[in-house]
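Asks: Quick one: sequence plus predicted model below, questions after.
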Amino acid sequence: MTPKATVLSLFDNENLSGVAYKDKVRRRKIIGHLSNNGESTINEISDLLNISVPKSTELLLELEEEGYITESGKRSEGPGRKAAMYRLSGNSCYFLGLEIKKYRINIGLLGFDKQMVRVKRDISFLYQESNESLEKIVQELEIFLNEMEIPREKILGLGVSISGRVNVKTGRILTIYHFGDAPVKETLEEALKIPVYIDNDSRALAYGEFNFGRREKEEEVLILNMDYGIALGIFSHGNPLFGISGYAGELGHIPLFDNEKICFCGKKGCLETEASGRTLIDNIVEEMDKGANSILAPVLKKKGFLELEDVIDAINKGDNLAFEKLRGIADHLGRGLAVTINLLNPELIILSGTLSRVGELLLLPVKTSLIQHSLSLVNADTKVVVSTIGEDAGLLGCCLLVRDKMLSLV
């Protein structure tokens, strides 16, 4: 059997009965438990499955023989007793991740044990509606795969993270790549010969934050993606909320403002028109056009446009104009988050995405506005923090999402 057939056979819907069915369910539970908890002893697995220690030992040894798990050391379980600990094996199979951003793409490879094996960042790319743009993606994925020594058959799937509206059931991106009869999912699957799963960038980022970021034991969590647009990843009882068509979390398109600004979605008054990275850049450029001084002026003149990274660099260097406009959008972000707190009463909110790189300079005005606009009774139990993994969250998330979807863990 190929690695793909072997691993996925643990999670398929093949008709079994009796002991064979029970053992298959148990093996799946072991994989899921080790995925969530990292390591476990035979006794812990026995308690989890409510079966005897000899039966747990039998199942674990089978999974170890097949290459899914490996012994990771010993743990003390009482005076003089050392119990073997088991974890997932990283090299049994791999999952590819592709993060498509406005001016660049990032590619990563995740092992079965949720550890990143290889990452290639900041590959020059222009996000546009063209066959050439899609061909560039395929070329870069092929280069990435050809540079590795890992056999292709061990790579089971590709997760794609992209901004805009994505129908997770069909894999259709509704905001780009509408030409001909070659949508992104089918094009990539034909080129790479592996299943492709596409999801919205904010949910992929949220999945990365939830599993690798600052969350401890909180299960009611909101993760705000602050990039050129803004959107929310929502977790309830530890599970991501997708919505009926996969569009849950469109915080940026709540009509909070009575203004005449046309949003990217085509409507007026959306939160994004006053609180996104795109708005931050527009506000800075508008003030410079009126004569305001900024270290961003020569950058704009040279490139003809500004990127968020340029603005973040200016803020970190103490540019007054950039900092003033940041505080303006932070106040509006706080108003938007106040709506989510009043509605969802989360334990934790993580500010993530590109803009989170300015840290406390963003956190403090957001929290001030959030407290001002939400119910004190509700916001008192919500902790608000800034991401510690920042730019890594999106790529981690799209790699892990495809892994967990293929293994039926999400």
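Replies: Sure thing, it's come through. No experiment lies behind these values; they were computed from the predicted model shown.
Asks: tell me the mean pLDDT for stretch 286-293?
Replies: Stretch 286-293 shows a mean pLDDT of 95.
Asks: Now do the end-to-end distance for that stretch.
Replies: End-to-end distance of stretch 286-293: 12 Å, with C-alpha to C-alpha, to the nearest Å as the criterion.
Asks: Show me what that stretch is in contact with.
Replies: For stretch 286-293, the external contacting residues (C-beta atoms under 8 Å, 6 or more residues apart in numbering) are 294, 296, 297, 300, 321, 325. The C-beta positions use only the backbone N, C-alpha and C, and glycine is treated the same way.
Asks: Point out where the chain drops to low pLDDT.
Replies: The model of the chain has pLDDT under 70 over residues 1-8, 10-15, 77-80, 127-130, 167, 169-172, 174-182.
Asks: And it, what are its domain boundaries?
Replies: Per automatic domain parsing, the structural domains of the chain span 3-88, 94-204+394-406, 215-388.
Asks: could I get those as JSON lines with mean neighbour count?
Replies: Converted to JSON lines, those look like this (neighbours: other C-beta atoms under 10 Å):
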{"stretch": "domain 3-88", "mean neighbour count": "15"}
{"stretch": "domain 94-204+394-406", "mean neighbour count": "19"}
{"stretch": "domain 215-388", "mean neighbour count": "18"}
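Asks: quick one: whichever strand or helix holds residue 35 to chain centroid distance?
Replies: Using DSSP states H and E, residue 35 sits within helix 18-37. How far helix 18-37 lies from its chain's middle: 26 Å, per C-alpha atoms, centre = their mean, to the nearest Å.
Asks: List the strands paired with the next helix or strand after it, with their directions.
Replies: Helices and strands here follow DSSP H and E; after helix 18-37, the next one along the chain is strand 40-41. Looking at strand 40-41 with DSSP bridges, its partner strands are strand 82-88 (antiparallel).
Asks: Dump the partner strand to CSV, keeping only the CA atoms.
Replies: This file holds the C-alpha atoms of strand 82-88, laid out as CSV (Å, rounded to 0.1, in the frame of the first residue of the first chain):
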residue,chain,number,x,y,z
LYS,A,82,9.0,4.2,33.9
ALA,A,83,6.3,4.1,31.2
ALA,A,84,7.0,4.3,27.5
MET,A,85,5.5,7.4,25.8
TYR,A,86,4.3,7.4,22.3
ARG,A,87,3.8,10.2,19.7
LEU,A,88,3.0,10.5,16.0
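Asks: Helix or strand next in line after it, which one?
Replies: strand 94-100.
Asks: Against which helices or strands is that following strand packed?
Replies: strand 104-111, helix 131-146, strand 155-162, helix 201-212, helix 392-406 (3 or more C-beta pairs under 8 Å, 6 or more residues apart in numbering; DSSP states H and E).
Asks: Reformat those into CSV and put distance to residue 244 next to each item.
Replies: Listed next are the helices and strands packed on strand 94-100 as CSV, based on distance: least, C-beta to C-beta, whole Å:
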stretch, distance to residue 244
strand 104-111, 28
helix 131-146, 28
strand 155-162, 20
helix 201-212, 14
helix 392-406, 17
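Asks: helices or strands up against the lengthiest helix in the chain?
Replies: Scanning the chain for the helix with the most residues, using DSSP state H, yields helix 320-344. Helix 320-344 is packed against strand 221-226, strand 230-236, helix 272-275, helix 277-289, helix 308-316, strand 348-352, helix 360-373, helix 376-379, with contacts defined by 3+ C-beta pairs under 8 Å, 6+ apart.
Asks: Could I get the ones you listed in CSV, plus columns for distance to residue 251?
Replies: Output for the helices and strands packed on helix 320-344, formatted as CSV (distance: least, C-beta to C-beta, whole Å):
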stretch, distance to residue 251
strand 221-226, 7
strand 230-236, 4
helix 272-275, 9
helix 277-289, 14
helix 308-316, 18
strand 348-352, 11
helix 360-373, 13
helix 376-379, 16
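Asks: For residue 248, find the nearest of those.
Replies: strand 230-236 (6.0 Å; C-beta to C-beta).
Asks: after the closest one comes which helix or strand?
Replies: Assigned by DSSP H and E, the successor of strand 230-236 is strand 239-240.
Asks: Okay, now the sheet partners of that next one, with direction.
Replies: For strand 239-240, pairing defined by DSSP bridges yields strand 230-236 (antiparallel).
Asks: Now do the partner strand and helix 320-344, the angle between them.
Replies: 30 degrees (axes from the mean of the first three to the mean of the last three C-alpha atoms, to 10 degrees).
Asks: Show residues contacting strand 230-236.
Replies: Contacts for strand 230-236 (C-beta under 8 Å, 6+ apart): 200-203, 205-207, 209-210, 219-225, 240-241, 248-252, 271-272, 275-277, 333, 336, 340, 344, 353.
Asks: Would you enumerate the residues in contact with residue 333?
Replies: Counted by C-beta under 8 Å, 6+ apart, residue 333 has contacts 224, 226, 230, 271, 275, 366, 369.
Asks: how about 7 Å then?
Replies: Contact analysis of residue 333 by C-beta atoms under 7 Å, 6 or more residues apart in numbering lists 275, 366.
Asks: change the start of the numbering to 292 and stick with it
Replies: Okay, residue one is now 292; in that scheme the one you just asked about reads as residue 624.
Asks: how far away is it from residue 553?
Replies: 20 Å (C-beta to C-beta, to the nearest Å).
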